[in-house]
Structures are given as structure tokens and as C-alpha cells.
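In: Fold the following, please.
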Amino acid sequence: MIQEMDTISQGTESVTLIEEQDGKVKEDSESDKDLYLFSLNESLQIHKEMVERVQGEKDDVEEECERVMAEEQAKMAKAKQVVLVKQQQHIEERMRLETIYNQLKNELELKECEFRRMEGKFQSHLKSAKATEDDLMMVQNKFNSLLNEISDFCGVLEYDNDDIVSWSLSDDLETVNWWIEAWMMQVIIEDILDTPIQPGVEINNAFGKMYEWVKKRNVSWATRIRQQMTTFMTRQSNEVEVKRAKDDIVNKIIERLNSVVMNVVDKEKVKDIVERAVQLNLALKSQDAVIDKVTIEEGNVFDANMMISVSGEEGGVSLVISPPFMKQQVVQSSTPEKKTSWWSRKKQQPVSPLTLEEQRILRKVKSRAHFLDRGLSCCCFQVGFDGLVGFIPVIGDFIGVLLAIQLVYIAMSLELPNELVSKMMFNIAFDFVIRLD
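Out: So this is what the prediction gives:
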């Protein structure tokens with residue numbers, strides 16, 4: 001019994017102990033649970049704050065991005081608007097310029113049409129103001145044709161030796177033909193080409209004086225007057241008088257030729273030559289430039305630039321069949337010359353009558369003379385060449401004489417007059433004698 005009670009008491013104590021332990025365990029579990037919940041709550045709170053902070057930063061970034069994008073879009077819209085405005089302005093400006101261009105193009109076309117019409121009228125007026133429509137090339141062809149026809153005409157003539165020798169001073173047939181050609185050209189030049197208007201016009205002398213007077217003052221006006229007067233008198237002059245003048249020239253040529261030729265002179269051929277010369281005269285006086293003959297004297301040096309040798313030889317000119325005709329002066333411009341002040345005017349250099357070789361020799365003589373005159377300069381003093389050679393007795397004088405004689409030799413090579421060369425030699429001798437004294 002007692003053992004049972006002890007056993008029961010021991011059992012009761014065990015149960016109590018277990019219950020106490022369970023209570024402690026429960027208390028510990030509750031504490032841990034509260035701690036865990038607190039920790040979890042703290043963690044959630046921290047996480048919430050972090051999420052809220054991140055969300056706030058995200059919202060700030062999004063707002064900034066939206067603001068920047070809005071500003072960019074506003075700028076793009078503004079720029080697009082500016083571009084559209086500029087494009088519109090460009091289109092309007094282009095349309096305005098195209099309108100102006102079309103207007104100017106139409107005006108230009110109208111002015112070109114007007115200019116062509118005026119040019120046509122002007123050319124018609126010029127043609128009406130000229131006796132012929134020949135240009136310089138056609139004039140040259142007419143002149144060559146006239147010379148060829150005269151040469152062919154003279155080539156078939158048969159001459160009386162005695163008469164022709166007394167006239168042409170030659171018995172060679174070819175030379176005689178050249179003499180006859182030269183005489184016929186002389187008649188044509190004097191009686192036809194040198195007339196102020198044309199043969200048979202009664203105002204030739206009066207118009208010639210007026211033309212020369214105007215020509216000295218204004219070449220352009222003189223040329224226009226000559227063209228218009230030639231055209232007017234050609235159309236209005238008495239054809240009977242012109243025909244009589246031509247017949248007189250034909251008879252003059254035939255009468256002279258009949259005295260030296262044995263065969264019958266072809267009168268129709270002479271008439272054709274005279275008619276060609278008259279037409280050449282009208283063509284010459286219808287040009288816009290003054291075309292005149294160049295005088296060539298017998299004995300002059302042959303110049304291939306303006307002469308043609310019928311014999312194929314060169315040297316001195318022994319016979320001039322026909323002088324060359326050259327354009328003397330181009331028509332002056334109608335625009336007034338620009339006035340220049342007296343201090344800016346330059347003296348116009350005259351055209352030198354010397355050849356290139358003569359000009360070269362002249363420059364050489366001038367340079368030698370300048371060298372002799374210049375001498376040497378030292379310490380603000382200038383000593384001439386004569387002064388330098390003067391320090392050497394006798395020998396210096398001979399040196400000066402030799403240099404002077406060299407200039408005389410150059411002058412003689414230029415074929416200067418003997419009188420001038422003699423004066424140069426006298427001056428050299430006189431200088432030499434004075435130096436010796």
C-alpha cells in the first residue's frame with residue numbers, strides 16, 4: 001500500500017514536472033514566436049520603406065523622363081513648325097522667283113525679237129546706204145579678177161618693136177606686157193578709183209573736197225557720207241554722163257594701145273575691164289573702212305608682206321604694175337571717248353616708219369650713246385667716258401675715236417645719206433685734233 005502510494009506520488013510528481021516543462025516550452029515558444037513576428041514585422045517595415053523609396057525614386061525618374069520627353073517633343077514640334085514655315089516661305093519665294101523668271105524670259109524674248117527686227121532693219125538700212133553689198137573678201141576677189149583680166153588681155157597683144165621700145169624702154173615681150181599692164185592700171189586708178197564718187201558725176205570735185213575736210217575731223221562720219229553719197233549719186237546720177245565717161249576711158253586706152261600694137265584691140269574686152277573697174281570702185285567706196293592705195297616707188301626693197309613678185313625674184317622693185325590697196329583705218333566707235341585729266345593723259349606713240357631691223361640697230365646706237373654719255377658715278381660725282389679715257393694721253397683719244405667710228409659704221413649700214421655720214425666723220429676728226437692740242 002505504501003509502495004503503491006509512493007508509486008502514485010512519484011507518478012504525480014513526474015506528471016507535474018512534465019507539465020511544468022511543457023509550460024516552459026510553451027512560454028519559450030510564445031516568446032520566440034513574438035520575437036519572430038516582431039522581426040518579421042520589422043523586416044516588412046524596412047522592406048516597405050525600401051519599396052516606397054524605390055518607388056518614389058522611380059516615380060521621380062519617370063516624371064523627369066516625361067518632362068524631358070515633353071520638352072524634346074515641344075522642341076521638335078517647334079522645330080518642325082519652323083521648318084514648315086521655312087518650307088512654305090521657300091515655296092512662296094520659289095513661286096515668286098519663277099514668276100519673275102517667266103516674266104523676264106518673256107520680256108527677253110520680246111526684246112530679242114525686237115532686237116532681231118531692229119537688226120534686220122539696220123542691216124537693210126546699211127545695205128540701202130551702200131552702192132554694193134560686197135565685203136572686204138569680195139572686194140579682194142574683184143581686184144584680183146580685174147588684174148587677171150588685164151594680164152590676159154595684154155598677153156594676146158602683138159607689139160611693134162620700134163614703138164614699144166621707145167615707150168617701155170624694153171624689147172622683151174614679157175616685160176612689155178608688164179609695162180602695158182602697169183599703164184592700164186595707172187589709167188584705171190587715176191580715172192576711176194581715185195574719183196571721189198565715180199566717173200561721170202559732176203559733183204566729184206566738190207564732194208572730194210568736202211570728204212577730205214570731214215575725214216580730218218571724223219573718219220566715221222566721212223565714211224558714212226561717202227557711202228550714202230556714192231549710193232545716192234549712183235542711183236540718181238545721169239546715166240548718159242556716166243556712160244560717156246566710161247566710153248572716154250575706153251577710147252583713151254584703145255587709142256594709146258593702137259599706137260603700139262599691130263593687131264586690132266578688142267574693144268568689148270576693154271569695155272568689160274573698165275566696167276569691172278567701175279564696179280570695184282563702187283565696192284571700195286561702200287566699205288566701212290577707208291581703203292586706199294599704198295604708194296610704192298621704184299627702187300624700194302621688196303616686201304613680201306604687201307607685194308607679189310610677178311617674176312618670182314626678190315630685191316629692188318623695178319616696176320609697179322599695181323600698188324597694193326590696204327585698209328587704212330577702221331570706223332571709229334560712236335560711243336564718246338572717256339575724258340581723261342591732263343595729268344593722266346599719255347602721249348600716243350607714233351607708228352615708226354622704220355623696219356624691225358632698222359629699229360634694232362637704232363636701239364643699239366642709242367644704248368651705245370647712253371653708255372658713252374653715262375660714264376661712272378662715284379661719291380656723288382659722275383665722270384663721263386671721255387673724262388676717263390682722257391687720263392690716258394694719246395691712247396685714250398684713239399680709243400674714243402675708235403668708238404665713234406663704230407657708230408659711223410652702224411650709220412653707214414643703215415644707208416644714211418652721205419652728207420650726214422660726212423658730218424659725223426668731220427666731227428670725229430675735229431674732236432680728235434682738239435684733244436691732241
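In: domains of this structure?
Out: According to automatic domain parsing, the chain comprises the domains 1-129, 134-329, 356-436.
In: And Thr234, how far from Asn141?
Out: 21 Å (C-beta to C-beta, to the nearest Å). Heads up, the C-betas are built off the backbone N, CA and C, glycines and all.
In: Which of those two has more residues huddled nearby?
Out: Neighbour count, other C-beta atoms under 10 Å: between Thr234 and Asn141, Thr234 has more, with 20 against 13.
In: how about that one, secondary structure?
Out: Assigned with DSSP: H, G, I helix; E, B strand; the rest coil, Thr234 falls in the helix class.
In: Would you check that my belief about it contacting Asn281 is correct?
Out: No - assessed by C-beta atoms under 8 Å, Thr234 is found out of contact with Asn281, at 10.2 Å.
In: shared neighbours, these two?
Out: Gln198 (C-beta atoms under 8 Å, 6 or more residues apart in numbering).
In: ok, back up a step: and the domains of the chain as CSV, adding mean pLDDT?
Out: Below are the domains of the chain laid out as CSV (pLDDT from 0 to 100):
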stretch, mean pLDDT
domain 1-129, 79
domain 134-329, 80
domain 356-436, 64
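In: Tell me which of the ones you listed sits most buried.
Out: Comparing the domains of the chain by mean neighbour count (mean count of other C-beta atoms under 10 Å), domain 134-329 ranks first with a mean of 16.
In: what packs against the longest helix seen in the chain?
Out: If you go by DSSP state H, the chain has its longest helix at helix 2-129. Using 3 or more C-beta pairs under 8 Å, 6 or more residues apart in numbering; DSSP states H and E, the elements in contact with helix 2-129 are helix 219-236.
In: Restricting to C-alpha, output the helix it packs on in CSV.
Out: The C-alpha trace of helix 219-236 is given here as CSV (Å, rounded to 0.1, in the frame of the first residue of the first chain):
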residue,chain,number,x,y,z
VAL,A,219,36.6,109.3,-140.1
SER,A,220,33.3,107.6,-139.2
TRP,A,221,31.2,110.5,-140.4
ALA,A,222,33.3,110.8,-143.5
THR,A,223,32.8,107.1,-144.3
ARG,A,224,29.0,107.3,-143.8
ILE,A,225,28.8,110.4,-146.0
ARG,A,226,30.9,108.6,-148.7
GLN,A,227,28.8,105.5,-148.6
GLN,A,228,25.5,107.4,-148.8
MET,A,229,26.6,109.9,-151.3
THR,A,230,28.0,107.2,-153.5
THR,A,231,24.8,105.2,-153.3
PHE,A,232,22.7,108.3,-154.0
MET,A,233,24.7,109.5,-156.9
THR,A,234,24.9,106.0,-158.4
ARG,A,235,21.2,105.7,-158.4
GLN,A,236,20.3,109.3,-159.2
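In: Name the next helix or strand following that helix along the chain.
Out: Toward the C-terminus, helix 219-236 is succeeded by helix 239-258 as the next helix or strand (DSSP states H and E).
In: List of residues touching that following helix?
Out: Helix 239-258 has contacts (C-beta under 8 Å, 6+ apart) with 157, 180, 183-184, 187-188, 191-192, 198-202, 265, 267, 270-271, 274-275, 278.
In: Give me the angle between the longest helix of the chain and helix 219-236.
Out: 50 degrees (axes from the mean of the first three to the mean of the last three C-alpha atoms, to 10 degrees).
In: Which neighbouring elements make contact with the next helix or strand after helix 2-129?
Out: Next helix or strand after helix 2-129 toward the C-terminus (DSSP H and E): helix 136-155. If contacts are counted by 3+ C-beta pairs under 8 Å, 6+ apart, helix 136-155 sits against helix 173-188, helix 267-285.
In: which one of the ones you listed lies closest to Val401?
Out: helix 173-188 (49.6 Å; C-beta to C-beta).
In: pull the CA atoms of the closest one into PDB?
Out: What follows is helix 173-188 as a C-alpha-only set of coordinates in PDB (Å, rounded to 0.1, in the frame of the first residue of the first chain):
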ATOM      1  CA  LEU A 173      57.800  90.600-174.700                       C
ATOM      2  CA  GLU A 174      57.100  89.600-171.100                       C
ATOM      3  CA  THR A 175      58.500  92.900-169.800                       C
ATOM      4  CA  VAL A 176      56.500  94.800-172.300                       C
ATOM      5  CA  ASN A 177      53.300  93.100-171.200                       C
ATOM      6  CA  TRP A 178      54.100  94.200-167.600                       C
ATOM      7  CA  TRP A 179      54.600  97.800-168.800                       C
ATOM      8  CA  ILE A 180      51.200  97.700-170.600                       C
ATOM      9  CA  GLU A 181      49.500  96.200-167.500                       C
ATOM     10  CA  ALA A 182      51.100  98.900-165.300                       C
ATOM     11  CA  TRP A 183      49.900 101.700-167.700                       C
ATOM     12  CA  MET A 184      46.400 100.300-167.800                       C
ATOM     13  CA  MET A 185      46.200 100.100-164.000                       C
ATOM     14  CA  GLN A 186      47.500 103.600-163.800                       C
ATOM     15  CA  VAL A 187      44.700 104.800-166.100                       C
ATOM     16  CA  ILE A 188      42.100 102.800-164.100                       C
END
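In: Following element in sequence after it, please.
Out: Using DSSP H and E, the helix or strand that follows helix 173-188 in sequence is helix 204-215.
In: can you put the helices and strands packed on helix 136-155 in a markdown table and add distance to Glu107?
Out: Formatted as a markdown table, these follow (distance: least, C-beta to C-beta, whole Å):
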| stretch | distance to Glu107 |
| --- | --- |
| helix 173-188 | 54 |
| helix 267-285 | 41 |
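In: how about those, which one is nearest Lys80?
Out: Shortest distance between Lys80 and those, using C-beta to C-beta, is found for helix 267-285: 76.8 Å.
In: now that closest one against helix 204-215, angle please.
Out: Interaxial angle, helix 267-285 versus helix 204-215 (the same axes, to 10 degrees): 30 degrees.
In: Residues contacting helix 267-285, please?
Out: The contact list for helix 267-285, computed with C-beta under 8 Å, 6+ apart, reads 131-132, 134, 138-139, 142-143, 145-146, 149-150, 153, 184, 188, 192-193, 195, 197-199, 226-227, 230, 234, 246, 249-250, 253-254, 291, 325.
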